[in-house]
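Undergrad: sequence first, predicted model second:
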Amino acid sequence: EAGVAQSPRYKIIEKRQSVAFWCNPISGHATLYWYQQILGQGPKLLIQFQNNGVVDDSQLPKDRFSAERLKGVDSTLKIQPAKLEDSAVYLCASSVIAGTGDTGELFFGEGSRLTVL
Amino acid sequence: GESVGLHLPTLSVQEGDNSIINCAYSNSASDYFIWYKQESGKGPQFIIDIRSNMDKRQGQRVTVLLNKTVKHLSLQIAATQPGDSAVYFCAENPQAGTALIFGKGTTLSVSS
């Protein structure tokens, strides 16, 4: 079974530039998550989708971050304009549909490492 | 602030020793907990999970203990190997259908 795919693996940009990250979840997983992981810290949720609807985006800095999952499969996370503090690894994860209300295990991709200069 | 945290940021053990990594959580309503292992440059990888109706669950070389009275979670790794060197995170699910909340992590270093 293919895992969660993310690209690019690495990106270096200057502040005020824009960047986009792509994620393709495990086939059949209806729930998709974007987490931000700053060096030395645990992952922090940015946004959770179920199919193509947003479940939770309360911690997404909406003035600069946006995410979409138009067809309920792959997803894109965009940052515009980037700030120095956005330097982090952006992790995408997916899980089986929460039909019973249980989150269950999250399967993570390898992450996209962003460096903002 | 974060609702899940770990007691020690680093733990160093000798190969063959048993390792115990601890985690305290703050949300008494959390009903599902997972331990993840993250190696350098990789995404977190599932190790073991436990639901709140259990106090112990065993896997291959790993055991998770849950003490709901003091809101404490631990991961025990038997016969620790150099390949176990990584950062370990506990995560909790505070409400059904919501995303996992992660703690800060403990870096396990295994020397041979």
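TA: Looks like it came in fine.

Undergrad: CA atoms for contacts and neighbours, from now on please.
TA: Will do.

Undergrad: would you list the phi and psi of residue B:82?
TA: phi -50, psi -30 (degrees, to the nearest 10).

Undergrad: who touches it in this structure?
TA: When contacts are counted by Cα atoms under 8 Å, 6 or more residues apart in numbering or on different chains, residue B:82 touches B:15, B:109, B:110, B:111, B:112.

Undergrad: again, but for residue A:20
TA: For residue A:20, the contact set (Cα under 8 Å, 6+ apart) comprises A:76, A:77, A:78, A:79.

Undergrad: so residue B:81 sits against residue B:13, correct?
TA: No. Contact criterion Cα atoms under 8 Å: residue B:81 and residue B:13 do not qualify, at 9.4 Å.

Undergrad: okay, and the common contacts of these two?
TA: What both residue B:81 and residue B:13 touch, as defined by Cα under 8 Å, 6+ apart, is the set residue B:110.

Undergrad: residue 26: neighbour count?
TA: Reading this off chain A. 23 (other Cα atoms under 10 Å in any protein chain shown).

Undergrad: oops, I was thinking of chain B
TA: Residues lying near residue B:26 (other Cα under 10 Å) number 15.

Undergrad: roughly how far does it sit from chain A?
TA: Distance, residue B:26 to chain A, using Cα to the nearest Cα, to the nearest Å: 16 Å.

Undergrad: re earlier: which of the contacts of residue A:20 fall in strands?
TA: Secondary structure from DSSP state E places A:76, A:77, A:78, A:79 of the contacts of residue A:20 in strands.

Undergrad: with adjacent residues omitted, what lies nearest to the most centrally placed residue in chain A?
TA: What sits nearest the mean C-alpha location of chain A, by Cα atoms, centre = their mean, is residue A:34, with 2.4 Å. In space, and not counting its chain neighbours, residue A:34 is closest to residue A:92: 4.6 Å by Cα to Cα, 6 or more residues apart in numbering or on different chains.

Undergrad: quick check, that neighbour in a strand?
TA: Yes. Residue A:92: assigned to a strand according to DSSP: H, G, I helix; E, B strand; the rest coil.

Undergrad: correct me, but it touches residue A:37?
TA: No. Judged on Cα under 8 Å, residue A:92 makes no contact with residue A:37 at a distance of 10.6 Å.

Undergrad: could you measure from residue B:64 over to residue B:45?
TA: 16 Å (Cα to Cα, to the nearest Å).

Undergrad: more neighbours, these two?
TA: residue B:64 (25 against 19).

Undergrad: ok, which residues in chain B are in contact with chain A?
TA: B:32, B:34, B:41-46, B:49, B:89, B:93, B:96-105 (Cα under 8 Å from any Cα of the partner chain).

Undergrad: I'd like the next helix or strand past the least confident helix or strand in chain B by mean pLDDT.
TA: Within chain B, no helix or strand scores below strand B:4-6, which has a mean of 54 by mean pLDDT, DSSP states H and E. Following strand B:4-6 in sequence order, the next helix or strand is strand B:10-14 (DSSP states H and E).
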